[in-house]
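> sequence plus predicted model, see below.
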Amino acid sequence: MEFGSGRPVILLHGISNSGRAWGPQIVPLADAGFRVIVPDHAGHGASGPVNRPWGIQDFTADVVALLAHLDIGNADVVGLSLGGMVALQLALERPELVGRLVVANSFDTTATPGFRSMAEGWAGMFRSEEGPVRRLERTWPMLVNDAFRASGEGRRTYQVWHGIAATAHGPSLAYVSEGIIGFDVTTRLASLKRETLFIAGEKDAMSPPEVSRRMAETVPHARYAELAEAFHISNVDAAEHFNRLLIPFLLD
């Protein structure tokens, strides 16, 4: 979906979610003069299923094809978690397509025993009966902080995301979980030439702040910001602070 007009910015969501996760950013970005482009990754949301392991290269090719379809030669790219890995790969592989880059709560490598174990556990759950719902119910306390979960907005968000999970295609999400294992751009980050903002959640247990801090120290033109009390989906549970970082950076 698209909102607003002006310089294009594409928002890339995390695994098992959809473009709806960017709800807190869409109106502020459109109001700031951006053309906001919000896709659902393959195997997610309103997009079609996948029938094989689907990795970061596949998601990156999807974004390249989407930009070509929209006749966009250059866009700012914002990605969170899985979306952040896709954003990094895109900026390294097709730098001419990327203006400014924002990578939130993400990873420069999934080629670790710990990530493999975690992702294989996700895949098994996604393939089980009502797997996407069960995973959301189990991980919700790790995705957003206690204050947000207890708020009215938090309860509304949970209702929307629970509905998305209830209609999700579990086998596709399992293939994605398996496909993203082995991603590794650690040795390439120093060659990334785009102005980049790395955002971390202070209390993120999935992608701890030191991961984003390390990436920011490696990328030549990078800034690092940490959101107090934020968990893994920091654009949601710390939305106001996230937007105060995001929009000035893109406008700078």
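Looks like it arrived, so ask away. Quantities reported herein were computed from a predicted structural model and do not represent experimental measurements.

> where does the prediction get shaky in the stretch 101-250 of the chain?
Along the stretch 101-250 of the chain, no part satisfies pLDDT under 70.

> please, where are all the strands along it?
If DSSP state E, counting those that start in this stretch is used as the criterion, the strands of the stretch 101-250 of the chain fall at 196-201, 222-227.

> residue nearest the middle of this structure, spatially speaking?
L80 (2.4 Å; Cα atoms, centre = their mean).

> now do the contacts for S191.
Counting by Cβ atoms under 8 Å, 6 or more residues apart in numbering, S191 touches L92. Backbone N, C-alpha and C define where each C-beta goes, glycine included.

> CA atoms only for stretch 237-249 - export them in CSV, please.
Output of stretch 237-249 as CSV, limited to C-alpha atoms (Å, rounded to 0.1, in the frame of the first residue of the first chain):
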residue,chain,number,x,y,z
ASP,A,237,6.3,0.2,21.9
ALA,A,238,8.4,3.4,21.6
ALA,A,239,6.7,4.8,18.6
GLU,A,240,6.9,8.5,19.5
HIS,A,241,10.6,8.3,20.3
PHE,A,242,11.2,6.2,17.2
ASN,A,243,9.5,8.8,15.0
ARG,A,244,11.5,11.6,16.6
LEU,A,245,14.6,9.9,15.5
LEU,A,246,13.4,8.6,12.1
ILE,A,247,11.8,11.6,10.5
PRO,A,248,14.6,14.2,11.2
PHE,A,249,17.2,11.7,10.0
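
> who touches that stretch?
Contacts for stretch 237-249 (Cβ under 8 Å, 6+ apart): 24-25, 28-29, 32, 78, 100, 102, 104, 143-145, 147-148, 154, 195, 197, 199, 201, 223, 225, 227-231, 234-235.
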